[in-house]
Every structure is written in structure tokens, then in C-alpha cells.
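1. Need a 3D model of the sequence below.
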Amino acid sequence: MGFAATLGERLFRWRSDGNGPVRLGQRRIFILPTRAGLLYAAALVAMLTGAINYGLALGHALVFLLASLAVVAKFHTFRNLYGLTVTPGRCDPVFVGETASFHLHFANDSDRPRLALELRAGDKGTVSTTRVGASSQGEVVVAVAAGRRGWLELPRVRLSTIYPLGLFVAWSYLQPAMRCLVYPRPLASELPATDAIATAGERRGEGGQEDFSGFRAHQPADSPRHVAWKAVARDAANRPLLVKQFAGGANEELMLDWQLTSDSADSETRIAIVAGWVVAADAEGSRYGLRLPGREIQPDTGPAHRHRCLEALALHPA
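-> As a prediction, the model looks like this:
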């Protein structure tokens, strides 16, 4: 298999396939015998030698029958990849230490299924196995370990098959322009002290927390602790989630400032601490902002704001 990979690297011009679909044609597919195929060929040579020495007509017929079977198997192995269309999909952000999942979509416009397809990202990646039905589409997830924060590019993907008999291996290399954002690993620590909280002042509206003023429809960014569970429980089947509204009081905003971390810690540790603050503040439903050297994100809530803050930490210069 190592020889096959080396030969493929010498013959194939490595380049990015971009974001568009890639159709596997004759020039993108390589095929060579496997170890089992080489042993099979050696056995045929030995059988042919014996048939010639002893003048066995049936021996000749058996050898040629098995040789023709190998030729047919080679054709089907190549055809199992030929004509497949591969389109890059999505990859959701992950934290350092987790596994990034790159989604690849396969389209098979042939009337025969594509069986026993194997994908591997890089030389030591995890092998993913899939099949694509006749005249249908499929999706496979290529797993890549996220070892450090920032952008993780999808390594070169090797798509191979030994279907149907394992005598030959056909493979093609894919280089889709895909990358995954890797958040820094959050370090659990207490949120900044109360002196890091800025009070926005007295104002009336939805932001206060003192006087109850009514209900409104639940929104994805709302904290679970503001949901009127008792009101919803009265008619849970027909009533949507409701959120309590308050008027008056102080609207508190938490500013997660890089300067609040210890100066003695290295930059990666400080990034991990601030990332832990972001995760904790988001879990509590707090309204928080982020202040980094050279960048400041105004206080807000919700999944989009959480992603904005973690993205800034992931791409922050070391």
C-alpha cells in the first residue's frame, strides 16, 4: 500500500479541488494489485507451470479461468470509483482536543451501487467506510483530530476501494478546500469579580430585573431561568414557551477582559481562561462582552455572540 501511495503522489499533481464538485474520471483513479492479488498471481504461475509440465489440459483451463476472473475483478474495482461526484460539505467548529468532522457528499448517477468505499484524511487518519446506492446520494464524515486552535485545513483525503474480491485496490486523492475553526480549550475558572461588571444604569424595558411587566414569546438567546415554567405548564400542549419581562432595575453587563488574567501565565493559558469565561457566561445566560489586545466585542447574548467571542480567541495571535 505504501508503494501505491508513493506512486500516486508522483503521478498526481497536487492542487486544491476548490469548493465545487469533483467528478472522478479516468485520469484521477489509480489501480494496482494488492498483496492478495500478488499472491493470487503467484499461485496462478505455479499452477500453470505444473499444468505445462504434466500436460494437464484441465489444469490449463482452470488457470485461464482464474486469470479471467482476476481481469473481471480489476474492471469492477476501477468501475466502483469511476464517475463518482464528490462535493465538500460543512464542518462545525470544535474545541481543541475534540475531533473535527468534515462532511463530504457523494453523488452516484449510475444504476449500480458503489460499495466498500474507504476514506482516510492524511497518512494516519481514521478510516471511514461508506457506500452509495444506485442513482442516489450519500454523505460520509471524515474525522480529523483538532490539536491546536485556529483554522484546521482538511488534509488530502484518500478515497479507495478493493471491491469486489480484494485482488486490486483503486484509489483517488481528493483535496477539497475545507477548513474547520478550532476554539481554544476552555479552562474552568471563576468568572471575573464583581468589580469587572459594568452597570448600564437605570432604564425601563426588557433588560431590567426588578418589576414584573408581563410575558413575551421565547427566543433562542433567552436564558432558561427567565422562562415562565409555571405558566407554560398549565397548557404545555398548546402554549409556546413564554419568557418573563421586567421593567426597571439595573441592566448588568459582564466584560471579559484579557487584562484580568494573570500576567505571569503564558498567552495560551490566558486564552484558555478567557475561553472558559465565555463558555461559563453563555451557560448562565449573562450578557457579556470580550476585550482582547487590539480588539473589543460589545456585550451581547446568544449563540452567534458566543461564536464571535470564541472565534476571536481562536484566531488571536500567540
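2. With adjacent residues omitted, what lies nearest to the residue sitting nearest the centre point of the chain?
-> Centroid-nearest residue in the chain: S101, 1.7 Å away (criterion: C-alpha atoms, centre = their mean). Nearest residue to S101, sequence neighbours excluded (C-beta to C-beta, 6 or more residues apart in numbering): V141, at 4.8 Å. All C-beta atoms are positioned from the backbone trio N, CA, C, and that covers glycine.
3. tally of neighbours for the one you found?
-> Using other C-beta atoms under 10 Å, the number of residues around V141 comes to 16.
4. Quickly find the element holding it.
-> Secondary structure assignment for V141, by DSSP states H and E: strand 136-145.
5. For that strand, the averaged confidence score.
-> Taken as a whole, strand 136-145 has a mean pLDDT of 92.
6. quick revisit: my read is that the residue nearest to S101 contacts H105, right?
-> No. Counting by C-beta atoms under 8 Å, V141 stays clear of H105, with 10.8 Å between them.
7. what's around the residue nearest to G37 when sequence neighbours are not counted, how many residues?
-> Nearest residue to G37 in three dimensions, chain neighbours excluded: L167, at 3.8 Å (C-beta to C-beta, 6+ apart). L167 has 21 neighbouring residues, counting by other C-beta under 10 Å.
8. Return the residues in contact with L167.
-> Residues counted as contacts of L167 (C-beta atoms under 8 Å, 6 or more residues apart in numbering) are P33, T34, A36, G37, Y40, A70, A73, K74, T77.
9. Out of these, list just those in strands.
-> Among the contacts of L167, DSSP state E puts P33 in strands.
10. Tabulate the contacts of L167 in JSON lines, adding columns for distance to S264, neighbour count and pLDDT.
-> What follows is the contacts of L167, written out as JSON lines (distance: C-beta to C-beta, whole Å; neighbours: other C-beta atoms under 10 Å; pLDDT from 0 to 100):
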{"residue": "P33", "distance to S264": "61", "neighbour count": "17", "pLDDT": "95"}
{"residue": "T34", "distance to S264": "57", "neighbour count": "17", "pLDDT": "96"}
{"residue": "A36", "distance to S264": "60", "neighbour count": "14", "pLDDT": "95"}
{"residue": "G37", "distance to S264": "61", "neighbour count": "20", "pLDDT": "95"}
{"residue": "Y40", "distance to S264": "66", "neighbour count": "20", "pLDDT": "95"}
{"residue": "A70", "distance to S264": "68", "neighbour count": "17", "pLDDT": "95"}
{"residue": "A73", "distance to S264": "65", "neighbour count": "19", "pLDDT": "95"}
{"residue": "K74", "distance to S264": "65", "neighbour count": "18", "pLDDT": "95"}
{"residue": "T77", "distance to S264": "60", "neighbour count": "28", "pLDDT": "95"}
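11. Just give me the closest of the contacts of L167 to G285.
-> The shortest approach to G285 among the contacts of L167 belongs to T77, at 55.9 Å (C-beta to C-beta).
12. pretty sure the closest one contacts S160?
-> No. Between T77 and S160 there is no contact under C-beta under 8 Å: 9.8 Å.
13. what about the strands in the stretch 201-318 of the chain?
-> With DSSP state E, counting those that start in this stretch as the criterion, the stretch 201-318 of the chain has strands at 211-217, 242-247, 250-257, 288-292, 295-300.
14. partners of the fourth one in the sheet?
-> Under the criterion DSSP bridges, strand 288-292 sits next to strand 250-257 (parallel), strand 295-300 (antiparallel) in its sheet.
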